[in-house]
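# model this:
(2 chains)
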Amino acid sequence: GENVEQHPSTLSVQEGDSAVIKCTYSDSASNYFPWYKQELGKRPQLIIDIRSNVGEKKDQRIAVTLNKTAKHFSLHITETQPEDSAVYFCAAKDNLFFGTGTRLTVIP
Amino acid sequence: DSGVTQTPKHLITATGQRVTLRCSPRSGDLSVYWYQQSLDQGLQFLIQYYNGEERAKGNILERFSAQQFPDLHSELNLSSLELGDSALYFCASSEGGPGELFFGEGSRLTVL
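Numbering: from 1, shown residues only, chains lettered A, B, ... in the order given. Got it, this is the predicted structure:
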């Protein structure tokens, strides 16, 4: 089956700095790669996604890059703000397999 | 509001008991997913249905079962409950193909 590894498990950054979270997957058949944000006590919500025919996608301060050859994709958050503090999950294989999550803390 | 409705929001029960969690997907979505999230843990995929049929199965225990009804709502049945089954159970829906999942608020199960 698919194996999704996510790093780091925790990340603390100063407000205004950038944050990068990386996921690797094993199943080369995966072609949809979403990132979900889960605030404390809330449901996960999609923040950005990318499909295998694209190498990079941006949405304001958030970007995702995909390297299909190396089987990894990364979430990039620039100019971080305190409201970015949350747990971020990557997923692969049509949302069936999630990474273990990254707890991001943005220090004001 | 994601449009996905889960009931009950909270449930406290005893070991050995059986419970049913209910999920109504977003209007128009054909696919329903169930996930288990234990304290400070990730999302463990349990099972997926598409238009009434089971599409994918994850690490779902034999004590657990699910189904999707003709009106597309889904139920997750958990039986012979153990302390370790205490968790937040999320339902999510999507149109059907690989794409954004819309999560419900979750059902928090506490087994005492």
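# does the helix or strand hosting A:Ile50 reach chain B?
A:Ile50 belongs to strand A:45-51 when elements are defined using DSSP states H and E. Yes: using C-beta under 8 Å from any C-beta of the partner chain, strand A:45-51 reaches chain B at A:Gln45, A:Leu46, A:Asp49, A:Arg51. The way it works is simple: take the backbone N, C-alpha and C, and place the C-beta from them, glycine included.
# so the residue nearest to the second one when sequence neighbours are not counted, which of the three states?
Think A:Leu46. Closest residue to A:Leu46 apart from its sequence neighbours, by C-beta to C-beta, 6 or more residues apart in numbering or on different chains: B:Glu100 at 4.7 Å. Following DSSP: H, G, I helix; E, B strand; the rest coil, the label given to B:Glu100 is coil.
# tell me how far whatever residue of chain A ends up closest to chain B lies from A:Ala92.
Nearest residue of chain A to chain B, counting by C-beta to the nearest C-beta: A:Tyr32, 3.6 Å away. From A:Tyr32 across to A:Ala92, the span is 8 Å (C-beta to C-beta, to the nearest Å).
# hmm, back to that, and the strand holding A:Ile50, which strands flank it?
Here strand A:45-51 has these sheet partners by DSSP bridges: strand A:32-38 (antiparallel).
# and the contacts of the strand it pairs with?
When contacts are defined by C-beta atoms under 8 Å, 6 or more residues apart in numbering or on different chains, strand A:32-38 is touched by residues A:21, A:23, A:25, A:44-52, A:64, A:66, A:73, A:75, A:86-92, A:94-95, A:98, A:101, B:98-101.
# could you redo the last one with a cut-off of 7 Å?
Outside of strand A:32-38, the residues within contact range by C-beta atoms under 7 Å, 6 or more residues apart in numbering or on different chains are A:44-51, A:64, A:66, A:73, A:75, A:86-92, A:94-95, B:98-100.
# and stretch A:51-62, by the same measure?
With C-beta under 7 Å, 6+ apart as the criterion, stretch A:51-62 contacts A:31-32, A:47-48, A:50, A:63-66, A:68, A:77-79.
# now a ChimeraX select for only the buried ones of those residues.
Restricted to buried positions by 16 or more other C-beta atoms under 10 Å in any protein chain shown, the ChimeraX selection for those reads:
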select /A:31,32,47,48,50,63,64,65,66,77
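# which one of the contacts of stretch A:51-62 is nearest to B:Thr20?
A:Tyr32 (30.8 Å; C-beta to C-beta).
# flag the shaky bits of the chain, pLDDT-wise.
No chain was given, so I picked chain A. Residue ranges of chain A with pLDDT under 70: A:1.
# that was the other one, I meant chain B.
For chain B (pLDDT under 70), the answer is none.
# what does it put close to chain A?
Counting by C-beta under 7 Å from any C-beta of the partner chain, the residues of chain B close to chain A are B:2, B:33, B:42-43, B:45, B:48, B:56, B:58, B:90, B:98-101, B:103-106.
# and those residues, which of them are in strands?
Per DSSP state E, strands hold the following members of these: B:Tyr33, B:Phe45, B:Gln48, B:Ala56, B:Phe90, B:Phe103.
# by neighbour count, which of these wins?
Using other C-beta atoms under 10 Å in any protein chain shown as the neighbour test, those are led by B:Tyr33, with 28 neighbours.
# ok so, going back, show me which pair in the ones in strands among the residues of chain B next to chain A is furthest apart.
That would be B:Ala56 and B:Phe103, which, of these, are the farthest apart (C-beta to C-beta) at 17.1 Å.
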